[in-house]
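>>> have a look at this fold, sequence not included:
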């Protein structure tokens with residue numbers, strides 16, 4: 001498998017696409033705890049900690065089916081819509097940034113790289129999160145893309161392909177920053193490079209085109225090295 005052009009010295013990095021939850025916004029904990037409370041109301045015994053482990057990064061519609069199969073229960077048909085409404089309200093009051101996110105966004109912009117957001121969250125939910133945390137000052141509304149609103153949640157690559165198309169950049173010249181394997185698979189299917197944000201103590205998948213960092217502070221230096229290698233190759237110094 002050939003490396004995406006965004007990662008190759010003879011290629012070009014032209015667009016960064018960020019996942020939202022777990023990368024920019026620390027919302028997985030609150031949202032999964034909300035889901036755990038809902039399941040306890042339906043008679044299931046599940047701790048907040050188990051909910052975070054089981055449900056983080058999952059789209060609500062798919063999650064309903066997964067929970068029903070695993071728990072042997074039937075949730076209301078409008079359960080995903082209920083959870084979505086509750087999430088928007090929750091994020092307006094509880095969303096916080098991942099440590100280092102604002103500085104990282106400014107650092108990416110300083111490199112001259114455009115960036116977009118591609119998330120399983122709805123646009124309405126992301127706007128609530130960004131408004132609550134102040135990231136709306138760094139993220140243009142027209143650069144927000146929702147796999148939920150498109151009806152194609154990750155690991156479907158559609159949201160990432162839509163972000164690349166909107167920017168007018170070939171998928172292979174994009175790098176995605178993700179924190180879940182579901183999102184990383186979406187990036188891989190899109191033919192994009194991917195950087196996985198994950199603690200060094202935790203296991204992670206491995207394939208050509210997948211890099212890894214443990215903290216957001218590492219992301220901009222990584223991009224800088226990639227761009228320097230590409231510039232060196234363009235100048236015949238690679």
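Ah, there it is. Not measured: the values here are computed from a predicted model.

>>> please name the residues that touch residue 20.
27, 117, 119, 121, 126, 129 (Cβ atoms under 8 Å, 6 or more residues apart in numbering). No exception for glycine: its C-beta is placed from N, CA and C like everyone else's.

>>> and of these, the nearest to residue 178?
residue 119 (10.2 Å; Cβ to Cβ).

>>> what is the neighbour count of that closest one?
Applying other Cβ atoms under 10 Å, we find 28 residues neighbouring residue 119.

>>> I figured it hits residue 149, correct?
No: Residue 119 is beyond contact range of residue 149, at 9.9 Å (criterion: Cβ atoms under 8 Å).

>>> still on that earlier bit, show me the contacts of residue 20 that map onto helices.
Using DSSP state H, the subset of the contacts of residue 20 located in helices is 126, 129.

>>> would you map the helices across this protein?
Along the chain, counting by DSSP H, helices occupy 28-41, 48-55, 60-71, 79-94, 101-110, 123-133, 147-150, 158-167, 181-189, 219-234.

>>> export those helices to JSON lines and append columns for distance to residue 173, mean neighbour count and mean pLDDT.
Shown next, in JSON lines, are those (distance: least, Cβ to Cβ, whole Å; neighbours: other Cβ atoms under 10 Å; pLDDT from 0 to 100):
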{"stretch": "helix 28-41", "distance to residue 173": "29", "mean neighbour count": "18", "mean pLDDT": "86"}
{"stretch": "helix 48-55", "distance to residue 173": "33", "mean neighbour count": "16", "mean pLDDT": "84"}
{"stretch": "helix 60-71", "distance to residue 173": "29", "mean neighbour count": "15", "mean pLDDT": "88"}
{"stretch": "helix 79-94", "distance to residue 173": "32", "mean neighbour count": "16", "mean pLDDT": "85"}
{"stretch": "helix 101-110", "distance to residue 173": "15", "mean neighbour count": "17", "mean pLDDT": "98"}
{"stretch": "helix 123-133", "distance to residue 173": "24", "mean neighbour count": "21", "mean pLDDT": "93"}
{"stretch": "helix 147-150", "distance to residue 173": "21", "mean neighbour count": "19", "mean pLDDT": "94"}
{"stretch": "helix 158-167", "distance to residue 173": "8", "mean neighbour count": "21", "mean pLDDT": "98"}
{"stretch": "helix 181-189", "distance to residue 173": "13", "mean neighbour count": "23", "mean pLDDT": "95"}
{"stretch": "helix 219-234", "distance to residue 173": "10", "mean neighbour count": "16", "mean pLDDT": "92"}
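
>>> thank you, goodbye.
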